[in-house]
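Colleague: Just need the structure, nothing else, for what follows:
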Amino acid sequence: MRVAVLSPVWFAVPPTGYGGIEWIVSLLADGLARAGHEVTLFASGDSRTQAELSYVYADAPSRQIGRSMPELHHALGCYARADEFDVINDHSGMLGATLGAAVATPVVHTVHGPMAGEPGEVYELISRVAPDVGLISISMNQRKPKPHLPWVGNCPNALDFSVYPFKPQRGEYLLFLGRMSPDKGAHRAIAVAMETGAPLKLAGKLAEPKEKEYFAEFVEPHLRDGIEYLGEVTHGEKVELLQNARATLFPIEWDEPFGLVMIESMACGTPVIATRWGAVPEVIEHGRSGIIVDDYRVIPVALEEADRLDPVELPTPVHTPSPTSVRQVTTSVDRPPANYEPPRFRNEETADSVIQRFLVATSTDETVRALDAMATYTELRPKKIDDIVVILLALIAAEPRLTAPDARRAFGIVMKRVGRSTVMRAFANSMAASSERHDDYMRIFAYFGEPAAEQIVEQLVTADSSKHRRVLFDALVELKRG
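Modeller: Residues are numbered from 1 along each chain as shown. All right, here's what the predicted structure looks like:
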């Protein structure tokens, strides 16, 4: 299929800092391209993509954000080529959705903002001016103000786990990630920190006049005694903040359409405490993947409950694309069934179940999804050495029968994700290596071409003290680092 994906023009795809929509667009365009579709991404010229890139602006015009000329010029660059595509998926905003009426090519528009108030009124008018443009929600709650509009699908936001490494150990500080606005609630996070005495790190966009005004009045006066604002951080810095936080605070008071930071935090192994607004109940399963409160003033008490959540057991998003699968992130053109239930964040897979899915797969698509499940399981269970070893052995044994190009590519990506670093980390985290696994360790290390590691394992299985074993574990880790 020939697919055009129209991104907002204001930030590069993927973004280096702020830009949740651009992350989603990047996953979608790259995933569709890997699935074999002919994809053209319309974004700024400083974007990176596996699709064909088309642009009007060589560099993202971030300083002109909100002005109509760059937005219109960018969108027209896509719609002027409409007859080259079978479908256009617009993420650029209301203007892009309206322009969909001008072309014969089917257009579906993903709504990334709220539908209450004036935005909902504008979408009402768009549905009259462009009645054939289908709308895609990112949560079912997002539709509530305007349930009668031409919704054609619901596609929750997604993550690529490979860029959100899981870390089960928590730190001491609380974390707030989000733009500086009353709706997002940085001042409420500060109130929680002041009451509990816990350190608080805040990071987020601070660029527009209203954001600066809010920051100066409600945030800046309180930046002391362990409360600090870090500015707008890069993706790598954001992940490190999430990995080392005690909990991520999401004290919103608006109808948040989704809330990407919640699933980012879960993926890194950090619980989320969120107020019951917008799509929060669709994203968080209370008491399992996070804590939901009715009032932010309850968060200090909820912290103790969040502390009791096991990071390893934090559920993971059902709608999570990976480098090997795009089914979860592609847009359905079917209306959700009457008995639709929002996706739950759960983690019910076992080593046996993911291996069984792999062994019974009868198509390339099923094989790719099973491979992805195996990789994700090992990333979420780094301490379960026996399970990881069994999964690796199943993969190594099955490699010869993977002849389809897509399956071979998926296998290579999965082995890179699982691979040596996961095995080394698993061994390093365990203080009880079993000699019963000696032959299995040899096969795995031989597969990855680690003769030096084989020698260490030889000594490991005969070590006569925990101190000696720890020295050998450290040697394995250093070998990987080197």
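Colleague: Next, L32: secondary structure please.
Modeller: Using DSSP: H, G, I helix; E, B strand; the rest coil, the structure places L32 in helix.
Colleague: Count the neighbours of G287 for me.
Modeller: Neighbour count for G287, taken as other CB atoms under 10 Å: 12. C-beta: built from backbone N, CA, C; applies to glycine.
Colleague: Over to M69?
Modeller: Each residue near M69 was counted by other CB under 10 Å, and the total is 9.
Colleague: go on, D294?
Modeller: As a burial measure, D294 scores 9 neighbours (other CB under 10 Å).
Colleague: what's it in contact with, if anything?
Modeller: 275-276 (CB atoms under 8 Å, 6 or more residues apart in numbering).
Colleague: which residues in the protein form strands?
Modeller: Remark: strands assigned in the chain by DSSP state E are 2-6, 38-42, 52-54, 87-90, 107-110, 134-137, 151-154, 174-177, 200-203, 227-229, 247-250, 272-275, 290-293.
Colleague: V301 is nearest to which of these?
Modeller: V301 lies closest to strand 290-293 among the strands of the chain, at 8.5 Å (CB to CB).
Colleague: helices or strands up against that closest one?
Modeller: strand 272-275, helix 299-307 (3 or more CB pairs under 8 Å, 6 or more residues apart in numbering; DSSP states H and E).
Colleague: averaging pLDDT over each of those, which comes out lowest?
Modeller: Confidence, taken as mean pLDDT, is least for helix 299-307 of the helices and strands packed on strand 290-293 (a mean of 91).
Colleague: Can you pull out the residues in contact with it?
Modeller: 174, 192, 195-196, 198, 246-247, 249, 251, 271, 273, 287, 290-291, 293.
Colleague: And those, which is closest to P15?
Modeller: For the contacts of helix 299-307, the nearest to P15 is L249 (22.5 Å; CB to CB).
Colleague: shaky segments in the stretch 201-350 of the chain?
Modeller: Across the stretch 201-350 of the chain, the ranges flagged by pLDDT under 70 are 312-349.
Colleague: repeat that for 90
Modeller: 207-208, 233-236, 267, 285-289, 301, 304, 308-350 (pLDDT under 90).
Colleague: Helices of the stretch 151-300 of the chain, start to end?
Modeller: 186-196, 209-214, 235-243, 260-268, 280-283, 299-307 (DSSP state H, counting those that start in this stretch).
Colleague: Most tightly packed of those?
Modeller: helix 260-268 (a mean of 25; mean count of other CB atoms under 10 Å).
Colleague: Reformat the helices and strands packed on strand 290-293 into TSV and put distance to M140 next to each item.
Modeller: Compiled in TSV, the helices and strands packed on strand 290-293 are given as follows (distance: least, CB to CB, whole Å):
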stretch	distance to M140
strand 272-275	17
helix 299-307	25
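Colleague: Identify whichever of those lies nearest to L28.
Modeller: Of the helices and strands packed on strand 290-293, nearest to L28 by CB to CB is strand 272-275, at 24.0 Å.
Colleague: just checking, what packs against that closest one?
Modeller: strand 247-250, helix 260-268, strand 290-293, helix 299-307.
Colleague: hmm, 6 Å instead?
Modeller: In terms of contacts (3 or more CB pairs under 6 Å, 6 or more residues apart in numbering; DSSP states H and E), strand 272-275 is packed against strand 247-250, strand 290-293, helix 299-307.
Colleague: Compare these and give me the one nearest R369.
Modeller: Here strand 290-293 is closest among the helices and strands packed on strand 272-275 (CB to CB), at 26.1 Å.
Colleague: Now do the closest residue to K212 other than its chain neighbours: how many residues are near it, please.
Modeller: For K212, ignoring the flanking residues on the chain, the nearest one in space by CB to CB, 6 or more residues apart in numbering is L206 at 6.3 Å. L206: 20 surrounding residues under other CB under 10 Å.
Colleague: Now L206. Its backbone dihedrals?
Modeller: phi -140, psi 80 (degrees, to the nearest 10).
Colleague: To what extent is the closest residue in space to M374 that isn't next to it in sequence buried, counted in neighbours?
Modeller: Closest residue to M374 apart from its sequence neighbours, by CB to CB, 6+ apart: V354 at 4.7 Å. Neighbourhood size, V354 [other CB under 10 Å]: 22.
Colleague: With R170 instead?
Modeller: R170: 18 neighbours (other CB under 10 Å).
Colleague: picking up where we left off before, redo the helices of the stretch 151-300 of the chain as CSV? Include distance to T110.
Modeller: CSV is the format used below for the helices of the stretch 151-300 of the chain (distance: least, CB to CB, whole Å):
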stretch, distance to T110
helix 186-196, 27
helix 209-214, 24
helix 235-243, 21
helix 260-268, 14
helix 280-283, 17
helix 299-307, 32
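Colleague: and of those, who's closest to N89?
Modeller: Per CB to CB, nearest to N89 of the helices of the stretch 151-300 of the chain: helix 260-268, 18.2 Å.
Colleague: helices and strands around the closest one, which ones?
Modeller: Under the contact criterion of 3+ CB pairs under 6 Å, 6+ apart, helix 260-268 touches helix 235-243.
Colleague: Now do the helix it packs on and helix 260-268, the angle between them.
Modeller: Using axes from the mean of the first three to the mean of the last three CA atoms, to 10 degrees, the direction of helix 235-243 lies 70 degrees away from that of helix 260-268.
Colleague: what about helix 235-243, distance to the chain center?
Modeller: 12 Å (CA atoms, centre = their mean, to the nearest Å).
Colleague: repeat for stretch 120-130
Modeller: That offset, for stretch 120-130, works out to 30 Å (CA atoms, centre = their mean).
Colleague: Which of the residues in it are classified as buried?
Modeller: 123, 126-127, 130 (16 or more other CB atoms under 10 Å).
Colleague: Can you pull out the residues in contact with that stretch?
Modeller: Stretch 120-130 has contacts (CB atoms under 6 Å, 6 or more residues apart in numbering) with 94, 97-98, 100-101, 145-146, 149-150.
Colleague: about what we covered before: ok, which of the helices of the stretch 151-300 of the chain comes nearest A51?
Modeller: Of all those, it is helix 235-243 that lies closest to A51, at 19.8 Å by CB to CB.
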